[in-house]
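In: I would like to see how this sequence folds:
(one chain, ligands or ions: 2)
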Amino acid sequence: MDRLEIDAAELREIDRLLDEAEGELTDLDSDEALQCATVLAHRLPARIRRCLNEFRLERMSGVLCISGYVVDQERLGATPAHWREREGNSRAHREELLLVLYGSLLGDPIGWATQQDGRLVHDVVPIRGHEHEQLGSSSESLLTWHTEDAFHPLRGDFLGFACLRNPYAAATTVGYVDALDLPASVREVLSGERFSIRPDESHLPKNNSQPAEEAFERVEEMQRSPERVAVLFGDPDRPYIRADPYFMGVADREAQAALDELTKSMDELMFDLRLESGDFCFLDNYRVVHGRKPFTPRHDGTDRWLKRINVASDLRKSRAARVGRAIR
Ligand SMILES: O=C(O)CCC(=O)C(=O)O
Ligand SMILES: [Fe+2]
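Out: Ligands and ions are numbered 1, 2, ... in the order given. Take a look at the predicted model:
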């Protein structure tokens, strides 16, 4: 993985930019805010811009952690018990902004009409009752490795996390597709359209407050009859990955054996990433998979708290499926 440690002068530059941006970008869910963010991002410190650009161009490992930002814990107050628990702007609006600014250098941040009520920036916090789900809000069970929103053809190219706090050092897990050493015959099977990936539960009406009906119907359709897709795709010598074994089906026994082999190999490769307060971590959603190890939530306002965004490299692909920046 790659790490960029911001220095004191860069931190001052970022703080000044955020002071200004806070006034301009009051509602991050508006289209205007995103137009503005793209331009403001050009004023981030040069070293950070160069680094994110290299990351975007796949000249880095596929995991980039920008650390050194200082989170004002007092301003934040208690970790919310649920992502829904929020009136107006988040108390971490400044960190949301910075996440969007960084993300804007990789592409265009997008949201889902069917996830967290269509918000652009998500909260990842442990939610009571979700302990054993396969959701970002789970805690006590392993969140198995996956490509983010693997079921969707318009899933983000990059995924970004801003860690506000992680007092018990819960571990995100990450694995590189480049590090897989699978026999050619297995790779070939994985490259065929012999797999299906069902939507994860974060896109279901029960995990949203105001179901945007048409959008949920589309997700339901993907649930009922998922299309057949390949797990490995792109350059056969250095393929991209699209997988979420927990939610996958297969066309035949050979495909099952290949998927089992991939799962086993990736399980062995996964490594821990214990995000710390002030870490802004970007994952290449085509080249790495991620998950999270179990942890014990406290539910007392001091729990781990991440902000999350999805970033698309090419908005044109989602034109027919978008209203503003939300894919429906
Ligand atoms: O909590 C984490 O470290 C990762 C959870 C996750 O997979 C996600 O939010 O997409
Ligand atoms: Fe995820």
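
In: what packs against the helix or strand hosting Ala9?
Out: Assessed by DSSP states H and E, Ala9 sits inside helix 8-24. For helix 8-24, the contact count by 3 or more Cβ pairs under 8 Å, 6 or more residues apart in numbering; DSSP states H and E identifies helix 31-40, helix 93-104 as packing neighbours. Every C-beta, even on glycine, is put in place using the N, C-alpha and C of the backbone.

In: what do you get if the cut-off is 10 Å, keeping everything else the same?
Out: Applying 3 or more Cβ pairs under 10 Å, 6 or more residues apart in numbering; DSSP states H and E, one finds that helix 8-24 contacts helix 31-40, helix 46-56, helix 93-104.

In: out of those, which is closest to ligand 1?
Out: Checking the helices and strands packed on helix 8-24 against ligand 1 by Cβ to the nearest ligand atom gives helix 93-104 as the closest, at 13.0 Å.

In: I'd like the next helix or strand past that closest one.
Out: Next element after helix 93-104 (DSSP H and E): strand 108-112.

In: ok, Phe151 - contacts?
Out: 196-200, 203, 219, 222-223, 226-227, 229, 242, 244, 247-248 (Cβ atoms under 10 Å, 6 or more residues apart in numbering).

In: got the phi/psi numbers for it?
Out: Main-chain torsions, Phe151, degrees, to the nearest 10: phi -70, psi -20.

In: isn't Ser185 up against Gly192?
Out: No. Ser185 is beyond contact range of Gly192, at 11.6 Å (criterion: Cβ atoms under 10 Å).

In: between these two, which one's more packed in?
Out: Between Ser185 and Gly192, counting by other Cβ atoms under 10 Å, Gly192 is the more crowded of the two (17 against 11).

In: any idea how far ligand 1 is from the more buried one?
Out: Distance check for Gly192 against ligand 1: by Cβ to the nearest ligand atom, to the nearest Å, it reads 27 Å.

In: again with Leu120
Out: Distance of Leu120 to ligand 1, given as Cβ to the nearest ligand atom: 15 Å.

In: what's the neighbour count on the residue lying closest to Glu5 once chain neighbours are set aside?
Out: Spatially, and ignoring its direct neighbours in sequence, Glu5 is nearest to Gly68 (5.0 Å; Cβ to Cβ, 6 or more residues apart in numbering). Neighbourhood size, Gly68 [other Cβ under 10 Å]: 16.
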